[in-house]
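Visitor: Need a 3D model of the sequence below.
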Amino acid sequence: MSLTTLLVPTFTHMLGTLSGWLEKAQKQMPEDQAQALLSARLAPDMFPLSTQIRFACVQVHEAVCRLRGEAFPESIRELRDEGVDAGERPGSFADAQTRIEDAMALLEGLDPAALDVNADQPLVHELPNGMILDLTAEQYARDWALSQFYFHLMTAYSILRSEKVELGKADYIAHMFPCIRPETIHQR
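Guide: This is a model prediction of the structure:
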């Protein structure tokens with residue numbers, strides 16, 4: 001499986017899922033309560049929902065740049081900084097949806113083999129704290145980009161659930177519904 005085939009559909013499906021969760025939250029709550037969700041946290045030392053959304057999008061942008069061997073544009077730093085500051089300035093649901101739409105547009109604009117570098121190609125990943133990871137492109141995609149993306153996605157899901165937004169497993173795997181054999185629906 002190519003890195004493009006692995007990452008692009010995964011990121012695309014799950015960003016769409018995240019967008020859907022936000023829409024559900026807005027429909028289920030009065031506007032002021034929904035807006036307050038963006039500042040909700042699972043624990044005091046964790047980032048709020050608004051940051052989790054932005055950081056999930058950062059993972060998409062960073063993965064595309066790293067695997068294409070491109071320098072990060074200023075927009076990635078701005079998005080990351082916006083996420084770090086989201087505890088003070090959470091923004092709005094429209095802002096969150098715009099970040100998701102921007103990440104999806106990036107993915108939609110990629111050529112079919114845009115991320116298909118040599119899987120064994122060395123990749124250096126410097127963390128904000130100064131630590132450096134020496135990885136192959138495959139390790140980066142599999143063990144860092146996807147795991148970090150899902151961490152922020154699932155933290156967002158968990159925050160929404162903890163704040164009483166009615167979400168369930170079906171909301172998490174909605175992209176899988178077209179794969180269900182029709183004759184097997186409602187067997188249990």
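
Visitor: contacts and neighbour counts: CA atoms only from here.
Guide: OK.

Visitor: Can you give me every residue that contacts Glu31?
Guide: With contacts defined as CA atoms under 8 Å, 6 or more residues apart in numbering, Glu31 has no neighbours.

Visitor: any idea how far it lies from Arg54?
Guide: 21 Å (CA to CA, to the nearest Å).

Visitor: just Ala145 next, same as before
Guide: Taking CA to CA, one finds Ala145 at 14 Å from Arg54.

Visitor: Glu82 too?
Guide: Counting by CA to CA - Glu82 and Arg54 are separated by 8 Å.

Visitor: which of these two has more neighbours?
Guide: Arg54 (25 against 19; other CA atoms under 10 Å).

Visitor: Backbone dihedrals for that one, please?
Guide: With angles defined as degrees, to the nearest 10, Arg54 sits at phi -60, psi -40.

Visitor: So which residue is dead centre in this structure?
Guide: Closest to where the C-alpha atoms of the chain average out (CA atoms, centre = their mean) is Ala56, at 2.9 Å.

Visitor: buried sites along whatever helix or strand Val64 lives in?
Guide: Element membership for Val64 (DSSP states H and E) is helix 49-68. Neighbour-count burial for helix 49-68 flags 49-67 (criterion: 16 or more other CA atoms under 10 Å).
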